[in-house]
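Asks: sequence first, then the predicted structure:
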Amino acid sequence: MRTKAELLQQIDDDLIWRRRELLFIRAAVVGAKGNAPKQSAFLRAGVAILYAHWEGFVKRCGTYYLQFVAEQGHVAHALKPNFVAIKFRARLAEAAKSRKVSTTNDVVEYFCTKMGDRLRIPHKGVVDTASNLSSAVLADIVETLGLDSAPYDTKRHLIDSKLVDRRNHIAHGDFLDLDPEDFLSLYDDVNSLMDAFRTQVQNAASTDLYLR
């Protein structure tokens with residue numbers, strides 16, 4: 001994924017199929033009006049799928065972005081510090097725990113002598129939603145990507161209470177009484193969240209935000 005056009009298309013394609021499936025769920029909820037047990041089942045399924053697509057899109061979109069940056073072939077000092085941190089996160093954690101001077105020396109040696117080398121950024125498994133994409137986990141992911149987490153500050157209650165908590169109750173087999181209008185509002189909110197994340201990532205790629 002070397003070009004910006006390829007990245008933007010991959011992200012758009014991933015969002016398109018998710019939106020199509022969510023539209024089917026929305027239609028099922030609306031179409032079950034007048035049949036309370038049937039609508040209740042669709043509402044519960046709908047919340048679970050809303051969450052699944054929110055988590056899946058953030059993970060896939062973020063990973064695409066990291067892959068794109070990695071394949072640009074930039075040297076370490078040309079990139080923002082978060083990408084160097086991704087490369088050395090595990091080794092820095094190891095150095096912090098280790099009593100061996102050699103472990104720390106290896107990391108310091110890189111910063112002293114190899115910042116002019118191409119930075120090989122890992123991208124698989126880096127965007128970790130922990131299967132529970134709360135607002136705190138989202139903030140960490142956004143900062144890992146070198147983006148601004150501030151736009152999501154006002155969405156904490158939406159993400160944590162209206163989406164994640166409800167999904168967890170449903171996933172654990174608990175009964176959850178949902179209002180159809182509340183679901184439709186959540187449906188719009190989740191689509192807006194995915195839109196916001198897509199726009200943020202695509203703008204970062206388009207404007208070379210990953211560079212110093």
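Replies: Done, it's in. Numbering: from 1, shown residues only.
Asks: residue boundaries of the strands in the protein?
Replies: With DSSP state E, there are no strands along the chain.
Asks: contacts for stretch 31-48, please.
Replies: 25-26, 28-29, 163, 166-167, 170-171, 176-178, 180, 183, 186-187 (CB atoms under 8 Å, 6 or more residues apart in numbering). All C-beta atoms are positioned from the backbone trio N, CA, C, and that covers glycine.
Asks: pop the domain breakdown of the chain in here.
Replies: 4-74+124-206, 75-118 (automatic domain parsing).
Asks: please state the offset of the last one from the chain centre?
Replies: This means domain 75-118. 25 Å (CA atoms, centre = their mean, to the nearest Å).
Asks: out of the domains of the chain, deepest packed?
Replies: Counting by mean count of other CB atoms under 10 Å, domain 4-74+124-206 has the highest mean neighbour count of the domains of the chain, with a mean of 16.
Asks: where does pLDDT dip in this protein?
Replies: The chain contains residues with pLDDT under 70 at 90.
Asks: can you pull out the helices in it?
Replies: Along the chain, the stretches classed as helices by DSSP state H are 4-31, 36-70, 81-97, 101-113, 135-144, 156-157, 166-171, 180-206.
Asks: for the shortest one, what is the distance to the chain centroid?
Replies: When you say that, I think you mean helix 156-157. 16 Å.
Asks: which residues are in contact with that helix?
Replies: Contacts of helix 156-157 (CB under 8 Å, 6+ apart): S135.
Asks: roughly how far apart are the residue of the chain most remote from its centre and Y187?
Replies: Here the centre of the chain is the reference, and by CA atoms, centre = their mean the most remote residue is G34, at 36.8 Å. As judged by CB to CB, to the nearest Å, G34 and Y187 stand 20 Å apart.
Asks: quick one: the most centrally placed residue in the chain and V108, what's the gap?
Replies: Most central in the chain under CA atoms, centre = their mean is V58, positioned 2.6 Å from the mean C-alpha point. As for V58, its distance to V108 is 34 Å (criterion: CB to CB).
Asks: then W17?
Replies: With CB to CB as the criterion, W17 and V108 are 46 Å apart.
Asks: out of the helices of the chain, flag the one nearest H123.
Replies: For the helices of the chain, proximity to H123 was assessed by CB to CB; helix 36-70 is nearest, at 3.8 Å.
Asks: many thanks, have a good one.
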